[in-house]
Structures are given as C-alpha cells and as structure tokens.
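1. I'd like to go over a predicted model; first the sequence, then the structure.
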Amino acid sequence: MFWVPLLLLACTLAALSCGRLCLAAVQAAAGETRGRHTGRQLTLYEAAFLSGGPARVADVALLSMARGRRLLLAHTGWATVVDPVAGDDVERSVLGAIGPAGQSRIAPVRRATAAADCVRALADRLVAAGLAVPDGAWSGIAGAVRQVRAAAVAVTALGVCATLLPGPGSGGGEGQLPVAVWFALPFFLTVSSLAIARFEVPATRWASPAGQRLLGALPSRDDLTSVAVRGLRALDDPALRAALSHRDPNLDGYRESRHGGH
C-alpha cells in the first residue's frame, strides 16, 4: 500500500487546481451576467478594445484620422498632423501625444494613446457592462488553466510511479482494483475541468463570453471595422500597414542597451 500516499497527493493536486479554476469560471460567469441584458451595440472603439485591447484602440484612432486626411502616416514610421481637429477624446490623446511640433514617431504615439485616461475609462465601462475581462482576471484564468494542466501531468506521473512500486496491491490482485484505476479518478477530474473551462471561461485576453458574442454579430461595415476586429492584417493599403506596424529602431536599441547594462 505504498501507493496510497501518492494517490492522496494526486487527489490533493487535482482538487486544489480544479478548485482554483472553478473560482475563475464563477468570476467570469458573474461578469457575463451583468452584461447579459444590456442590449447594446458596440462602438468602433469598443470593438477594437474587445478584440485587441488598448493598442488596437490607438490603431483605429490613428487610421481614422489618416482616412479623414487629418493625419499623415508615413511608411517610415512617422505621423504628421495635417489638420489638428479631433473628433473624440481618443483622437485628442493622439494629437497630445504627437505634441505641438506636429510630427512624431508613430510607436510612442501609439503607446501614449493606449495608456490615455480615455482608453482606461473605455475599459472600465466595458468591464462594468460585463463585456470585457477585468484587470488581473485573465492572468488568474490563464494561471489556473496552467495549474490544472500541470496537475494532470503530475497525476499521470504519480500514477506511473505507484504502478511500478513493488508491494502487495500495487498490481491489483484478485478482487482488487488496479492502482491505475484509482489514479484515473483525479486525472479525469483535471481533464474534465479543462474541457469545461474551454467553453465556460473567456477564450481571449480582452473580451468576456458576452463581449465575444457581440463581436461575432458586429457587421463588417468598412475597413475601420475590419481593423478594429481583425487587426492590422485587415488593412489592404500596404503603406498604412507598414506605417502602423513600424517599430522605432532607436527606441528598441535604447531599451536593449538599458537592459544589457543591468
């Protein structure tokens, strides 16, 4: 019966990890219930946030201003103000990030816009409506799923070890259940929890299940909507795609030199 402590350890690992995942699923379900009866239509910025987070909101704002010929986005990674007129708070954040000189690299503009107060307020509204995953909730869900997967591997390893242990009962004598059958119970618990989590907890970093349903029902009206939902890969204009995808080599080199200096 030397395998019994291993079985107890396997059951403990499975119960703790699955319990943590259940708590994450309950929190996600509570958020979905808050937004179930909202009956709202997603705005362009809301769709962008639910699909790609704050950075996607900044991309949509930059693209909207470029389409309106208020901003020139060069394929070299520079943004130039043509007409300093903002249509909303996000566009005002873009102009503020560019600064009074009227020209700036696109990368820092995107970062500053994504971190703007108006984008954080948008996120708070979506969370309150049950359409977005709250801050920290996704990391908790992802961590719980990883823990359950690790528990499933550990249960399998413990079961193999228990089966190979010498001693009475390890191989399952007459009238006794094989040891592997006992370890199949906590293994089934972990696998079934992962299967349920696949459908019951948010599958994306930003949108809750309710938000994902609204995204799926959003009509693709124009290229702005396509970019909001699918990202920069939906852009047909290669110059604009290159501009918004451009990385600042000077800033990257500066960060690398600082990291290398520590």
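-> Yep, that arrived.

2. against which helices or strands is the host helix or strand of Ser51 packed?
-> Secondary structure assigned from DSSP states H and E places Ser51 in helix 44-52. Here helix 44-52 is seen to pack against helix 54-67, helix 117-128, helix 209-216, helix 223-230 when contacts are counted using 3 or more CB pairs under 8 Å, 6 or more residues apart in numbering; DSSP states H and E. Bear in mind the C-beta positions are built from the backbone N, C-alpha and C, glycine included.

3. just name the most buried of the ones you listed.
-> Stretch with highest mean neighbour count among those: helix 54-67 (a mean of 23; mean count of other CB atoms under 10 Å).

4. can I get that helix as CSV, trimmed to CA atoms?
-> Output of helix 54-67 as CSV, limited to C-alpha atoms (Å, rounded to 0.1, in the frame of the first residue of the first chain):
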residue,chain,number,x,y,z
PRO,A,54,-5.8,49.4,-25.8
ALA,A,55,-3.2,49.2,-28.6
ARG,A,56,-5.9,48.3,-31.1
VAL,A,57,-7.9,51.3,-30.0
ALA,A,58,-4.9,53.5,-30.7
ASP,A,59,-4.5,51.9,-34.2
VAL,A,60,-8.2,52.6,-35.0
ALA,A,61,-7.9,56.2,-33.9
LEU,A,62,-4.7,56.7,-36.0
LEU,A,63,-6.2,55.1,-39.0
SER,A,64,-9.5,57.1,-38.7
MET,A,65,-7.5,60.3,-38.6
ALA,A,66,-5.5,59.2,-41.6
ARG,A,67,-8.6,58.3,-43.5
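
5. tell me which other helices or strands that helix touches.
-> By 3+ CB pairs under 8 Å, 6+ apart, helix 54-67 packs against helix 44-52, strand 71-73, helix 89-98, helix 106-114, helix 117-128, helix 223-230, helix 238-245.

6. for the nearest residue to Leu235 once chain neighbours are set aside, give me its contacts.
-> Excluding its sequence neighbours, the residue lying closest to Leu235 (CB to CB, 6 or more residues apart in numbering) is Arg241, at 4.3 Å. Arg241 makes contacts with Leu232, Arg233, Leu235, as judged by CB atoms under 8 Å, 6 or more residues apart in numbering.

7. report the separation between Arg241 and Ala234.
-> 9 Å (CB to CB, to the nearest Å).

8. same question for Gly159.
-> Taking CB to CB, one finds Gly159 at 47 Å from Ala234.

9. and Thr156, by the same measure?
-> 42 Å.

10. ok, Cys161 next?
-> For Cys161, the distance to Ala234 equals 51 Å [CB to CB].

11. quick one, what contacts Ser104?
-> Trp78, Ala79, Ala97, Ile98.

12. and with 7 Å instead?
-> By CB atoms under 7 Å, 6 or more residues apart in numbering, the contact set of Ser104 is Ala79, Ala97, Ile98.

13. what about it, which SS state?
-> Under DSSP: H, G, I helix; E, B strand; the rest coil, Ser104 falls in the strand class.

14. okay, and the beta partners of it?
-> Ser104 has these beta-bridge partners by DSSP bridges: Ala79.
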